[in-house]
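*Asks:* pasting the structure only:
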Ligand SMILES: NC(=O)c1ccc[n+]([C@@H]2O[C@H](COP(=O)([O-])OP(=O)(O)OC[C@H]3O[C@@H](n4cnc5c(N)ncnc54)[C@H](OP(=O)(O)O)[C@@H]3O)[C@@H](O)[C@H]2O)c1
């Protein structure tokens, strides 16, 4: 499995979850995040500033683009004959490719969104992995509620590592 955007919020969880489920994982990120992605458990890391994974000659059963920076058209070259391209972002003609590849068979393009297929069982599995320390949140920076604008500006750079936290003090009545 290849995970594009392996250093981001979704990507850092995806790497850990895929490893926990037994996949051989290749993460894709920029140079400064290569060691971080490896530390999350990735078996191999592609530095996208040096190598385009869609042209590197490797093929994958699953390509998960956690940040929507690739397209099915580019990525299908790197899929095995029945491989699946998954993306979190509605763009790059994904809906058209989803429909077409469902009809045609073989390689598939799939968009999915948070909450569409969650079941209690899946959430309990994730909660157990968190409790057992097998799934960890990667926190880049912490901001206060007053710094929300700054926090958004940082997220908008498109290069946060994992997640940011907004800390809030909640007043409780005695
Ligand atoms: N479908 C859904 O239900 C759903 C739910 C939540 C979010 N989303 C969408 O999913 C996307 C990802 O969200 P997120 O919060 O995980 O993103 P994020 O944490 O903001 O992503 C930042 C990461 O993207 C990486 N990145 C930037 N350009 C890249 C490139 N060209 N190739 C590979 N990696 C690159 C950066 O790594 P480097 O610094 O190493 O470049 C950085 O670590 C967003 O567009 C969001 O709207 C979808």
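*Replies:* All right, it came through fine. The structure presented is a predicted model; accordingly, all values stated were derived computationally and were not measured.

*Asks:* distance of the residue nearest to residue 78 when sequence neighbours are not counted from the ligand?
*Replies:* Counting by Cβ to Cβ, 6 or more residues apart in numbering, residue 54 is the residue found nearest to residue 78 once chain neighbours are left out, at 5.1 Å. (C-beta placed from N, C-alpha, C; glycine too.) Per Cβ to the nearest ligand atom, to the nearest Å, residue 54 is found 11 Å from the ligand.

*Asks:* which residues touch the closest residue to the ligand within the chain?
*Replies:* As assessed by Cβ to the nearest ligand atom, the ligand sits closest to residue 8 within the chain, at 2.7 Å. Taking Cβ atoms under 8 Å, 6 or more residues apart in numbering as the criterion, residue 8 is in contact with 66-67, 160-162.

*Asks:* quick check: residues of this protein near the ligand?
*Replies:* Neighbours of the ligand within the chain, by Cβ under 6 Å from any ligand atom: 4-5, 7-11, 28-30, 33, 48, 66-69, 88-89, 113-114, 155, 158-161.

*Asks:* residue 87 contacts residue 69, doesn't it?
*Replies:* No - with contact defined as Cβ atoms under 8 Å, residue 87 does not count as touching residue 69 (9.4 Å).

*Asks:* quick one: name whatever helix or strand follows the host helix or strand of residue 99.
*Replies:* Here residue 99 sits within helix 94-104, counting by DSSP states H and E. Going down the chain from helix 94-104, the next helix or strand is strand 108-111, by DSSP H and E.

*Asks:* buried ones in the helix or strand that comes right after that next one?
*Replies:* Downstream of strand 108-111, the first helix or strand assigned by DSSP H and E is helix 120-131. Within helix 120-131, the residues scored as buried using 16 or more other Cβ atoms under 10 Å are 126, 129.

*Asks:* packing partners for the strand of greatest length in the chain?
*Replies:* The residue-count maximum for a strand in the chain (DSSP state E) belongs to strand 79-87. Strand 79-87 is packed against strand 60-65, helix 72-75, strand 108-111, with contacts defined by 3 or more Cβ pairs under 8 Å, 6 or more residues apart in numbering; DSSP states H and E.

*Asks:* care to break this structure down by domain?
*Replies:* Residue ranges for the domains of the chain, per automatic domain parsing: 2-131, 139-174.

*Asks:* any shared contact partners between residue 87 and residue 69?
*Replies:* Joint contacts of residue 87 and residue 69 (Cβ under 8 Å, 6+ apart) do not exist.

*Asks:* good, we can wrap up now.
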